[in-house]
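*Asks:* Below are the sequence and a predicted model; questions follow.
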Amino acid sequence: MTTPLRRDARRSIEKITAVAVEMFAERGLDCPLGEIARRAGVSPGTIYHRFGGRAGLIEAVAPQVAAGKVAAVIDAAEGKTTAWERFAAYVEGLGALGGSDAVLRDALTARSELTPPLHEVCGQGLERGFVLMEKAHRDGTLRADFGPDDLHPLLLSVIGVAHAAPEARRRMVEFILDGLRAQHRRP
């Protein structure tokens, strides 16, 4: 039987978690733990005691960081004017995000060893993409033969290009998206 945490220990964990989410989102997962501890008002030893170190802290907060970044990209895409622009911004944005951030790349590509919360981030991102895809189908701008089973492999491709050849990402995404437009229409 585990002993419930004291109120001050719970507050320390909450502070560390909140600061880690903020700093990992701003500066990446290699942000110094000492700086996280300082900003949270705790000793670095508290991070090791409560989370076991960097890996434990990342595991505790990565789903929140990933969900925030994925939601920001999708929200920006949903703010575009046309159904095609929304779908294209979704593909472009998640590709760029997955190409530049290892945790997000893992979440967006749904690697099997991910924790359930990271799988959920991926699933939610795909669900929102299915909605954008359906709207682009309805207005006739997305090829009719591009179906829900194609979206995840498309994102894997775009993320792979963005990771392997970041300088070529935009051009490759343009080629991919051009091939997905109904009747290959250009903007």
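*Replies:* Cool, got the structure. Residues are numbered from 1 along each chain as shown.

*Asks:* Now do Glu167 against His49, distance only.
*Replies:* Between Glu167 and His49 the distance, using CB to CB, to the nearest Å, works out to 43 Å. Bear in mind the C-beta positions are built from the backbone N, C-alpha and C, glycine included.

*Asks:* Name the residue in those two with the higher neighbour count.
*Replies:* Set side by side, Glu167 and His49 show more neighbours around His49, with 13 against 6, by other CB atoms under 10 Å.

*Asks:* where does this protein have low pLDDT?
*Replies:* Along the chain, the parts satisfying pLDDT under 70 run over 1-3, 102-115, 184-187.

*Asks:* Please parse it into its domains.
*Replies:* Taking automatic domain parsing as the domain assignment, the ranges for the chain are 1-52, 62-184.

*Asks:* Would you mark the buried spots in stretch 151-169?
*Replies:* Neighbour counts over stretch 151-169 (16 or more other CB atoms under 10 Å) mark Leu151, His152, Leu154, Leu155, Leu156, Val158, Ile159, Gly160, Val161, Ala162, His163, Arg169 as buried.

*Asks:* Just the closest of these to Ala18, please.
*Replies:* Distances from the buried residues of stretch 151-169 to Ala18 were compared by CB to CB; the smallest belongs to Ile159, at 28.4 Å.

*Asks:* Pull the contacting residues for Glu127.
*Replies:* Under the criterion of CB atoms under 8 Å, 6 or more residues apart in numbering, Glu127 has no contact partners.
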